[in-house]
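Chemist: have a look; sequence and predicted model below, questions after that.
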Amino acid sequence: MTLEDLVEEIRHRGEADLAEVEAESTRQTTAVTAARDLEVNEIRSESERAIATEASFERTQRVAAAKLKSRRRLYEVREARLRRSLEETRTLLKEFTGSNEYPATLRRMVGTATSTLGKQLKITGRVEDAAVLAKVAGKSFDPTPQPILGGLISETPDGKRRLNLSFDELLRLNEDRLRDLLA
């Protein structure tokens with residue numbers, strides 16, 4: 001073999017090795033690029049899923065908050081209407097105390113008090129009702145005025161038992177039923 005043949009063979013081997021190294025480099029570059037692209041796509045997909053989940057959660061939270069605010073507002077409006085209705089009821093009861101039927105109502109209340117607590121009672125009421133109560137209750141009438149809307153308050157002489165038939169107390173005791181009726 002001649003020197004030129006030997007150089008030629010070394011050059012061919014070098015070119016073959018170089019081609020093989022370049023091919024391997026191209027394969028590795030392609031593999032790395034494909035892996036990178038795959039990872040970027042996975043990260044992008046995961047980010048989109050996370051954003052969609054977070055947006056859905058945020059949307060759900062906002063809808064729930066809006067519903068709660070709506071229910072609260074509805075409750076406030078309903079309560080305001082009920083308060084107005086209860087005040088109107090108080091006004092009607094106050095007007096009723098000036099009617100001709102009110103003394104008969106007081107008589108029935110005195111009858112209820114005596115049948116519930118007995119004949120020995122102390123019956124009090126409003127200043128405006130003193131004359132009617134004195135006539136209806138007789139000796140049982142106590143002239144001490146009570147700050148009530150109407151009706152009467154009765155109790156036994158020893159003070160152990162008491163029956164409050166004032167319009168204020170009757171409204172308070174029946175407020176839930178009135179709310180149901182007015183709602």
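Modeler: Great, that's in hand.
Chemist: how about low-confidence regions in the protein?
Modeler: Low-confidence segments of the chain (pLDDT under 70): 1, 182-183.
Chemist: that one - how does it break down into domains?
Modeler: Domain ranges of the chain: 1-96, 101-182, per automatic domain parsing.
Chemist: mean neighbour count, those domains: which tops it?
Modeler: Highest mean neighbour count among these (mean count of other C-beta atoms under 10 Å): domain 101-182, with a mean of 16. Quick note: C-beta positions are derived from backbone N, CA and C, even for glycine.
Chemist: mind checking how far Arg49 is from Asp37?
Modeler: Distance, Arg49 to Asp37, using C-beta to C-beta, to the nearest Å: 19 Å.
Chemist: all helices for this structure, in order.
Modeler: Along the chain, the segments classed as helices by DSSP state H run 3-96, 102-117, 130-137, 167-173, 175-182.
Chemist: export these to CSV and tack on distance to Gln146?
Modeler: CSV is the format used below for the helices of the chain (distance: least, C-beta to C-beta, whole Å):
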stretch, distance to Gln146
helix 3-96, 15
helix 102-117, 13
helix 130-137, 10
helix 167-173, 9
helix 175-182, 20
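Chemist: and Ile123, which of those is closest to it?
Modeler: Each of the helices of the chain has some distance to Ile123 by C-beta to C-beta; the shortest is helix 130-137, at 4.4 Å.
Chemist: which residues are in contact with the closest one?
Modeler: Contacts to helix 130-137, defined as C-beta atoms under 8 Å, 6 or more residues apart in numbering, come from residues 102-103, 106-107, 110, 121, 123-125, 141, 143, 145, 152.
Chemist: quick check, central residue of the protein?
Modeler: In the chain, the residue lying closest to the centroid (C-alpha atoms, centre = their mean) is Arg72, at 5.6 Å.
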